[in-house]
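Colleague: Dropping a prediction and its sequence here:
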Protein chains: 2
Amino acid sequence: MSDRKTAIMEAAARVIARRGVRGLRVEELAAEAGVSTALLYYHFKDRAGILRRTLEFINDRAADYTTGRDPDAAPLEPRQELEQALLLELQDDEMVRENSTAWGELRASAIFEPHLQEDLARATLIWVQEIAALLGRICPMATASGLTVAAERLTGLVEGLSMRWLSGILPLEHARELVLDAVDAELERLGHR
Amino acid sequence: MSDRKTAIMEAAARVIARRGVRGLRVEELAAEAGVSTALLYYHFKDRAGILRRTLEFINDRAADYTTGRDPDAAPLEPRQELEQALLLELQDDEMVRENSTAWGELRASAIFEPHLQEDLARATLIWVQEIAALLGRICPMATASGLTVAAERLTGLVEGLSMRWLSGILPLEHARELVLDAVDAELERLGHR
DNA sequence: CGATGCTGACTGAATTTTCAGTCAATGGCC
DNA sequence: GGCCATTGACTGAAAATTCAGTCAGCATCG
């Protein structure tokens, strides 16, 4: 597999982060990747193909830094793990920002392109369940539905704040604090029931 | 002020809700408004101008149904007023959905079009302050910064959930319940300090 | 009154720009 | 020689934007 193909997808992630999925011009992408436009059509059939493959690529990359714990680091406290899982999309890191932007774009486009909704719904569900499970480890006494609802609120909040961050309305640090406080609030709440 | 200008912005809101900001074609907009494309350029300089003015327009409309109480209805409890202000974007109503969709689109495009960011930031700030003020009426003992932070979380949550609702991931009723519970949580929290 | 000139709203038909997508040709490598 | 990766130079269609006016209304003046 020519390395250029990968290089193109990396470039695509960058361009999408800069201009959005719908703002991606194949000529610009070619320039960013330092190849000719014709090569894009050679490797990926058409624009839609580029997008599809790139989204998979981004997805895989995200899975890497989600799952990928530092090899032999001390096992995290559940609370820390929860916080990390939530703050994942809110980091001052080139690649995270790229990924986050692309995800946001995907969510936004799904409103108008029903064929994306299924994938999106699945991914969201998985995230909510993951968060609910982590909450459950911290509050073993809480009901399952209570956990789910709390997870839905927390992930929903992260999505909303992520958008504000990406559009420059909300500083990253502030967004992170807001999320952490929300975690406090939800845990307190779960404890009370 | 010719009424056609308004008609165009109403049409723009409809088209944006249907196709998204990035999917808006000026020819389609002209057809939707029943005018020539040239008229669009006469009233609003260019495509970007249409978008900018429409954003303002949508904003004003939202302000109308935010502020606009039923004429001589009983004065609302602060708590109810707060809930209403938050659930505003989450209603099963043609125009609300249109507004909400258009808002979401504009938020999403603002990430890539800095010229929209200023308007967006202002509108968001106003909303946050409004919610903070309502919270303040319910919890007079809370600090100003505590109120603001709570308002930021609540509005951020609404934005996130609104997006899920619009993309069909989350049923409207459930979204509304999540918001109401979050209000509970935030109020409890403000009470404790 | 009514002719004259002026203006703002509006349009149809170009013109220009922007893009995705094609293709014949090239160079390296087994 | 044959195969793969790669490119430069195009094409055609779709969009955005501009242009050269038309028309209705309204004020001015003789």
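Modeller: The structure has been received and is ready for your questions.

Colleague: surely A:Leu166 meets A:Thr101?
Modeller: Yes - at 5.7 Å, A:Leu166 and A:Thr101 qualify as touching, with contact defined as C-beta atoms under 8 Å. All C-beta spots, glycine's among them, are computed from the backbone N, C-alpha and C.

Colleague: Do I have it right that A:Ile138 meets A:Glu83?
Modeller: No - A:Ile138 is beyond contact range of A:Glu83, at 10.6 Å (criterion: C-beta under 8 Å).

Colleague: Spit out the residues that contact A:Leu166 and A:Thr101 alike.
Modeller: Listed contacts common to A:Leu166 and A:Thr101 are B:Ile111; contacts here mean C-beta atoms under 8 Å, 6 or more residues apart in numbering or on different chains.

Colleague: What residues sit buried inside the helix or strand where A:Ala132 lies?
Modeller: A:Ala132 is part of helix A:114-138, with elements assigned from DSSP states H and E. Using 16 or more other C-beta atoms under 10 Å in any protein chain shown as the test for burial, helix A:114-138 gives A:116-117, A:120-121, A:123-124, A:127-128, A:131-132, A:134-136, A:138.

Colleague: which is the next helix or strand following the helix or strand of chain A with the lowest mean pLDDT?
Modeller: Here the helix or strand of chain A ranked lowest by mean pLDDT, DSSP states H and E is helix A:47-67, holding a mean of 84. For helix A:47-67, the following helix or strand on the C-terminal side (DSSP H and E) is helix A:78-87.

Colleague: Low-confidence bits of chain A, can you list those?
Modeller: Within chain A, the set of residues satisfying pLDDT under 70 comprises A:1-2, A:66-74, A:192-193.

Colleague: circling back to that earlier point, other SSEs contacting the helix holding A:Ala132?
Modeller: Secondary-structure packing of helix A:114-138 (3 or more C-beta pairs under 8 Å, 6 or more residues apart in numbering or on different chains; DSSP states H and E): helix A:78-87, helix A:94-110, helix A:144-166, helix A:172-192.

Colleague: try 7 Å this time
Modeller: helix A:78-87, helix A:94-110, helix A:144-166 (3 or more C-beta pairs under 7 Å, 6 or more residues apart in numbering or on different chains; DSSP states H and E).

Colleague: Can you name the residues of chain A sitting close to DNA strand D?
Modeller: Applying C-beta under 7 Å from any atom of the strand, we find that chain A lies next to DNA strand D at A:Ser2, A:Arg4, A:Lys5, A:Gly34, A:Val35, A:Ser36, A:Thr37, A:Ala38, A:Leu39, A:Tyr42, A:His43.
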